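Participant: pasting the structure only:
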């Protein structure tokens, strides 16, 4: 776990691993989107600008969705709602807000919306590959305890550790997975807060690093998610290439974008079985009452993808793009 990679010389500024991975993911997505968009736009600059607006809208929407999802975590510290570098983004919220923003941008510049969304789908999944690596370095989006050889152990006071030493009623966990003595906590207004590492005695530091109170091994779900996103991006690229040939079934513009919802919704549904950070959902809108919020959203993503696919098959194809003449 490396939330901060290094400090810039002669400053007190540090490079956050999560932010760096987001930047790498964005640049990778822009590169892919520009390459795939050459067939329908004569001005690559418009695509770059669209990608930039998509990024900003995606981050804002994903953070807003996360804050709403975990609003109780921000009640005592509203300013932390804006601390994106600490992790905490929900892909679905980002996708919804990004689609709305980019829709108006593309309409304004008279660009083919569905074709751009197809290119965006491939780039978005590639960006997620790096984003989930950032989650792993940051320690968020952690998995359940495991005895598998590839299980990882996060340090004291990490997201996974803080979860294991507390009961989690919203995950039907009545007792902590790791019982810590009371002298590891600071108590204020009845709340037990883990002491900062520097406040622990040397004996306590040894026990949380080498002894009986170190973090349990957990599934590296962030890396699972990164691998799943890479596979989705590759499959979407193959699907996009297939869609360039007319006459193929499900080859209409927008089909690749619809397929992204289906593939990611399925992947997210099954990944949630080994994640340990999302609460279970019992709301009236939940289809899968025994699952997490994200599992239910995954089901809705699959349904949305199927509906999008059906709608796009009924829509007319765009006219062939005409490139501007060079003098």
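Facilitator: Structure received. Values in this document were obtained by computation on a predicted structure and should not be read as measured data. Numbers count the residues shown, from 1 in each chain.
Participant: Low-confidence ranges, the protein, go.
Facilitator: 1, 84-89, 91-92, 189-190, 246-247, 318-327 (pLDDT under 70).
Participant: Which residue ranges make up the domains of it?
Facilitator: Per automatic domain parsing, the structural domains of the chain span 4-144+219-314, 145-218.
Participant: what's the spacing between the longest one and its chain's center?
Facilitator: The reference is to domain 4-144+219-314. Relative to its parent chain, domain 4-144+219-314 has a centroid offset of 6 Å by C-alpha atoms, centre = their mean, to the nearest Å.
Participant: end-to-end on it?
Facilitator: End-to-end distance of domain 4-144+219-314: 49 Å, with C-alpha to C-alpha, to the nearest Å as the criterion.
Participant: ok so, going back, go through the domains of the chain and pick out the most buried.
Facilitator: domain 4-144+219-314 (a mean of 18; mean count of other C-beta atoms under 10 Å). The C-beta positions use only the backbone N, C-alpha and C, and glycine is treated the same way.
Participant: Now do the end-to-end distance for stretch 77-94.
Facilitator: 23 Å.
Participant: What separation do you get for residue 271 and residue 171?
Facilitator: 16 Å (C-beta to C-beta, to the nearest Å).
Participant: I should have written residue 252 there, sorry.
Facilitator: Distance, residue 252 to residue 171, by C-beta to C-beta: 42 Å.
Participant: Residue 35 now?
Facilitator: 42 Å.
Participant: For residue 9, give me phi and psi.
Facilitator: Dihedral pair for residue 9: phi -60, psi 140, per degrees, to the nearest 10.
Participant: How about the secondary structure of residue 10?
Facilitator: Going by DSSP: H, G, I helix; E, B strand; the rest coil, the secondary structure assigned to residue 10 is coil.
Participant: so residue 232 touches residue 124, yeah?
Facilitator: No. Checked against C-beta atoms under 8 Å, the pair residue 232 and residue 124 is beyond contact range at 9.4 Å.
Participant: can I assume residue 308 is in contact with residue 257?
Facilitator: Yes. Look at residue 308 against residue 257 with C-beta under 8 Å: they come within range, at 6.9 Å.
Participant: give me the element residue 229 is part of.
Facilitator: helix 221-243 (DSSP states H and E).
Participant: Contacts made by that helix with the rest, please.
Facilitator: 36, 118-119, 121-122, 125-126, 128-133, 135-136, 140-143, 248, 250-253, 255-256, 259-260, 263-264, 267, 271, 274-275 (C-beta atoms under 8 Å, 6 or more residues apart in numbering).
Participant: now do 7 Å
Facilitator: Residues from elsewhere that reach helix 221-243 (C-beta atoms under 7 Å, 6 or more residues apart in numbering): 36, 118, 121-122, 125-126, 128-129, 132-133, 135-136, 141-143, 248, 251, 255-256, 259-260, 263-264, 267, 271, 274-275.
Participant: Can you name the next helix or strand after it?
Facilitator: Helix 221-243 is succeeded, C-terminally, by helix 255-271 (DSSP H and E).
Participant: what's that next one packed up against?
Facilitator: The criterion is 3 or more C-beta pairs under 7 Å, 6 or more residues apart in numbering; DSSP states H and E, and the helices and strands that helix 255-271 contacts are helix 113-138, helix 221-243, helix 293-314.
Participant: tilt between the longest one and helix 293-314?
Facilitator: Angle of helix 113-138 versus helix 293-314, following axes from the mean of the first three to the mean of the last three C-alpha atoms, to 10 degrees, is 160 degrees.
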